[in-house]
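S.K.: predicted model and sequence follow; I will ask about them next.
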Amino acid sequence: MKKIGFLSFGHWTASPQSQTRSAADTLLQSIDLAVAAEQLGADGAYFRVHHFARQLASPFPLLAAVGAKTSRIEIGTAVIDMRYENPLYMAEDAGAADLISGQRLQLGISRGSPEQVIDGWRYFGFQPADGESDADMGRRHAEVFLDLLRGRGFAQPNPRPMFPNPAGLLRLEPHSESLRERIWWGAGSNATAIWAAKLGMNLQSSTLKSDETGEAFHIQQAAQIRAYRAAWKEAGHAREPRISVSRSIIALMNDYDRAYFGRGGEGEDQVGFIDERTRAIFGRSYAAEPDALIEQLRADEAIAEADTLLLTVPNQLGVEYNAHVIEAILTHVAPALGWR
């Protein structure tokens, strides 16, 4: 295990039990948690993107703000739903945020997940082409985005521009040279993991995937990672890929931890349907004393296959508590798993 970061869904609610009662609370606390995580030695600060929900949505202002407030930690998403994205505008936003951060962005993108509204991407002005599904449209947007990040000119310059142009066709600006290699695909199936490998994207695999064999979640996820690695090798890419998995992991260190998470009930995988056709498996959560937690995580085959572990954090419990959650894992669990 080379790197460990946190992943926040950025929920907020007006409940008096929540430490994030507004969008402003969630955004500002997300920045503060990234700063705290960097000070604790964590490797990454990642954020989920959901539309039409009381959660983090437009990611680039947040990523830029985190980039300006930190100096070392990786800053990423897991994931941006490409069905909603204009690839050209996104390329400009991503380039700007990456340069502000000193080229620390790790952008996770995907075809999206079940939504709060019906076909929400239509409200953003997007429509699948004839014979194309919304998932196909998301992957098409992703391919356009990847091509734009190569920095090749494609637009015919005006012969009478307001400002002097460089020679040749023009590209989008600002452009960040290495960002193309720091794009990840959130794959929910083995097939999309293989597709991502062929295109040279890193792999993000979360706590949810298609139930393709009926085996335990971590075994299926490990098989997905191995299929991805094989496809990457076959594609002949020059660099080594990055692979992350996410988990809910709580080290029970004090009475607060035990009160919040020590009651059990989520120690097994769950199976359900995320739409009318797709049977999915949801990975278990982990909550135990550090010694027991270490043994449980050592048995997780997918964690062993990945190079990066993202800890999903209960962001509504506030910055101080979540910093404690991260510190407990980094101090009492991660070293035994080979971190640093």
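M.R.: Yep, that arrived. Numbers count the residues shown, from 1 in each chain.

S.K.: got the contact list for A334?
M.R.: 1, 4, 340 (C-beta atoms under 8 Å, 6 or more residues apart in numbering). All C-beta spots, glycine's among them, are computed from the backbone N, C-alpha and C.

S.K.: ok, A94 next?
M.R.: By C-beta under 8 Å, 6+ apart, the contact set of A94 is 60, 105, 107, 149, 176, 179.

S.K.: can you rerun that using 6 Å?
M.R.: By C-beta atoms under 6 Å, 6 or more residues apart in numbering, A94 lies in contact with nothing.

S.K.: helix or strand next in line after the host helix or strand of it, which one?
M.R.: Using DSSP states H and E, A94 falls within helix 87-100. Remark: after helix 87-100, the chain's next helix or strand is strand 105-110, criterion DSSP H and E.

S.K.: which residues touch that next one?
M.R.: Under the criterion C-beta under 6 Å, 6+ apart, residues 74-80, 82, 98, 142, 182-184, 186, 204 lie in contact with strand 105-110.

S.K.: same deal with stretch 27-44?
M.R.: 3-6, 20, 45, 65-66, 69-70, 72-74, 319, 322-323, 326-327, 330.

S.K.: just to revisit the earlier point, could you check the angle the helix holding A94 makes with strand 105-110?
M.R.: Interaxial angle, helix 87-100 versus strand 105-110 (axes from the mean of the first three to the mean of the last three C-alpha atoms, to 10 degrees): 150 degrees.

S.K.: about what we covered before: for PyMOL, what selects the buried ones among the contacts of A334?
M.R.: Here is the PyMOL command that selects only those of the contacts of A334 that count as buried (16 or more other C-beta atoms under 10 Å):
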select buried, resi 1+4
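
S.K.: from the contacts of A334, which shows the smallest pLDDT?
M.R.: Of all the contacts of A334, M1 carries the smallest pLDDT score, 79.

S.K.: ok, that one touching W339?
M.R.: Yes - M1 is within contact range of W339, at 4.7 Å (criterion: C-beta atoms under 6 Å).

S.K.: partner strands of the strand or helix carrying Y46, parallel or antiparallel?
M.R.: Using DSSP H and E, Y46 falls within strand 44-47. Strand 44-47 has the following strand partners under DSSP bridges: strand 3-8 (parallel), strand 74-81 (parallel).

S.K.: will you turn those strands into CSV that also has distance to G112?
M.R.: Shown next, in CSV, are the strands paired with strand 44-47 (distance: least, C-beta to C-beta, whole Å):
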stretch, distance to G112
strand 3-8, 17
strand 74-81, 3
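
S.K.: what's the angle from whichever strand or helix holds L62 to strand 74-81?
M.R.: Counting by DSSP H and E, the element that carries L62 is helix 59-69. Angle between the axes of helix 59-69 and strand 74-81 is 180 degrees (criterion: the same axes, to 10 degrees).

S.K.: now do helix 59-69: distance to the chain's middle.
M.R.: Distance, stretch centre to chain centre, for helix 59-69: 15 Å (C-alpha atoms, centre = their mean, to the nearest Å).

S.K.: report all helices and strands that it contacts.
M.R.: In terms of contacts (3 or more C-beta pairs under 6 Å, 6 or more residues apart in numbering; DSSP states H and E), helix 59-69 is packed against helix 23-40, strand 74-81, helix 87-100.

S.K.: would you mind finding the most buried of the ones you listed?
M.R.: Highest mean neighbour count of those: strand 74-81, a mean of 25 (counted as mean count of other C-beta atoms under 10 Å).

S.K.: show residues contacting it.
M.R.: With contact meaning C-beta under 6 Å, 6+ apart, strand 74-81 is reached by 7, 43-47, 49, 59, 63, 66-67, 101, 104-110, 112, 186, 204.

S.K.: burial count for D307?
M.R.: 15 (other C-beta atoms under 10 Å).

S.K.: go on, R298?
M.R.: 13.

S.K.: what pLDDT does the closest residue to it other than its chain neighbours get?
M.R.: Spatial nearest neighbour of R298, excluding adjacent residues (C-beta to C-beta, 6 or more residues apart in numbering): L337 at 7.0 Å. For L337, the model assigns a pLDDT of 94.

S.K.: M1 is in contact with L337, correct?
M.R.: Yes - using C-beta under 6 Å, L337 is in contact with M1, at 4.9 Å.

S.K.: my guess is I194 contacts A231. True?
M.R.: Yes - under the contact definition of C-beta under 6 Å, I194 touches A231, with a separation of 4.3 Å.

S.K.: before we move on, back to that, quick one: mean pLDDT for the helix holding A94?
M.R.: 98.

S.K.: run through the residues that contact A222.
M.R.: 301-302, 305.

S.K.: which parts of the helix holding L62 are buried?
M.R.: Buried, per 16+ other C-beta under 10 Å, within helix 59-69: 59-60, 62-67.
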